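Novice: the following block contains a protein sequence and its predicted model.
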Amino acid sequence: MNNKLHIFRTPAEVISNYAAFFVEKAKESILEKGKFTVVLSGGNSPKSVFELLAKDYAHALDWSSVYFFFGDERFVPSNDPEYNGLMAKEALFNPLNIQGNQIFTVDTSLDVKAAAADYAKKIVQFFDGEDAVFDLVMLGLGDDAHTASLFPNTEVLIEEFATISHVFIEEKGVFRITMTAQMINDAQNIAFLVFGANKAEAIEHVLKGERNTTLYPAQLIDKKAVWFTDDAAAKLVS
């Protein structure tokens with residue numbers, strides 16, 4: 001197994017160590033090039049990391065040098081509780097007084113195809129002619145082995161370009177906007193945050209199972225990715 005697997009006893013330990021990893025990579029990037037570009041993930045698990053960063057690491061970083069992006073977004077209004085950008089705003093941006101020019105969110109007031117194109121344009125403009133290489137991409141893992149909004153049996157899985165795509169999740173009846181696997185894989189660092197017994201089979205499929213990226217999309221993610229997980233989630237691979 002090439003993946004770097006960090007297994008902790010409890011979810012609280014996973015979250016604590018993930019936050020420390022985030023800060024370590026941020027400090028390295030800011031020291032080296034004066035800024036840190038991070039791609040956030042949505043859901044309850046990263047919310048705990050964001051809250052810890054805002055509480056325990058508020059003075060550990062030059063937060064004015066951190067630029068925030070999103071690996072995927074639900075196609076809902078920006079004031080909807082399901083909108084990843086709103087969760088990050090409440091848990092991380094507002095407590096740390098992050099300025100608007102440091103935050104790059106998906107404009108879901110546009111139609112879904114235009115929203116994806118607009119977000120891709122924002123990223124291109126930020127990197128100003130250079131390749132879009134993020135310093136850290138945060139990822140989660142669904143119990144169906146999806147990551148970001150790379151869901152099983154969706155067309156976005158065969159996209160070879162590093163870009164932003166819109167995708168329809170048939171079983172959920174919703175649209176999502178997501179970074180493609182190639183854009184994620186171009187990052188300097190990729191780190192999964194996964195805990196709980198309900199994720200054990202998904203981790204096993206991704207890390208030890210037969211390669212089938214149509215069924216297990218997280219297999220598309222580069223082997224340099226590190227995994228922060230707990231005993232319950234890692235019980236079938238450790």
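Specialist: Cool, got the structure. Numbers count the residues shown, from 1 in each chain.
Novice: so residue 177 bridges to which residues?
Specialist: The partner list for residue 177 in beta bridges (DSSP bridges) reads residue 73, residue 166.
Novice: that one touches residue 112, doesn't it?
Specialist: Yes: between residue 177 and residue 112 there is a contact at 6.9 Å, judged by Cβ atoms under 8 Å. C-betas here are computed from N, CA, C, even on glycine.
Novice: need the strands for the chain, in chain order.
Specialist: Along the chain, counting by DSSP state E, strands occupy 4-8, 36-40, 66-70, 72-74, 136-139, 164-169, 174-179, 190-194, 226-230.
Novice: could you identify the longest helix within this protein?
Specialist: helix 11-33 (DSSP state H).
Novice: coming back round to it: identify the contacts common to residue 177 and residue 112.
Specialist: 75, 166 (Cβ atoms under 8 Å, 6 or more residues apart in numbering).
Novice: of these two, which one has the most company?
Specialist: Counted by other Cβ atoms under 10 Å, residue 177 and residue 112 do not tie: residue 177 has more neighbours, with 29 against 17.
Novice: state the pLDDT value of that one.
Specialist: Residue 177 is assigned 98 on the pLDDT scale.
Novice: so for the longest helix of the chain, mean pLDDT?
Specialist: 98.
Novice: ok, stretch 230-237 next?
Specialist: 96.
Novice: give me the contacts around it.
Specialist: 1, 5, 7-11, 13-14, 194-197, 199-201, 203-204, 207-208, 238.
Novice: which regions of this protein lie under the pLDDT threshold?
Specialist: Where the chain drops to pLDDT under 70, the residues are 1-3.
Novice: let's see 90
Specialist: 1-3, 42-45, 129, 171-172, 238 (pLDDT under 90).
Novice: what ranges does it have for its helices?
Specialist: Here the chain has its helices, by DSSP H, at 11-33, 44-56, 84-88, 94-96, 112-127, 181-185, 200-208.
Novice: which one of those helices lies closest to residue 157?
Specialist: Nearest of these to residue 157, taken as Cβ to Cβ: helix 181-185 at 7.3 Å.
Novice: tell me what that closest one is packed against?
Specialist: Helices and strands touching helix 181-185, by 3 or more Cβ pairs under 8 Å, 6 or more residues apart in numbering; DSSP states H and E: there are none.
Novice: a markdown table please, covering the strands of the chain and showing distance to residue 213.
Specialist: Shown next, in a markdown table, are the strands of the chain (distance: least, Cβ to Cβ, whole Å):
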| stretch | distance to residue 213 |
| --- | --- |
| strand 4-8 | 20 |
| strand 36-40 | 20 |
| strand 66-70 | 22 |
| strand 72-74 | 17 |
| strand 136-139 | 15 |
| strand 164-169 | 15 |
| strand 174-179 | 15 |
| strand 190-194 | 16 |
| strand 226-230 | 18 |
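Novice: would you mind saying which of those strands lies nearest residue 25?
Specialist: Ranking the strands of the chain by their distance to residue 25 (criterion: Cβ to Cβ) puts strand 136-139 first, at 5.0 Å.
Novice: adjacent strands (with direction) for that closest one?
Specialist: When pairing is defined by DSSP bridges, strand 136-139 lines up against strand 36-40 (parallel), strand 190-194 (parallel).
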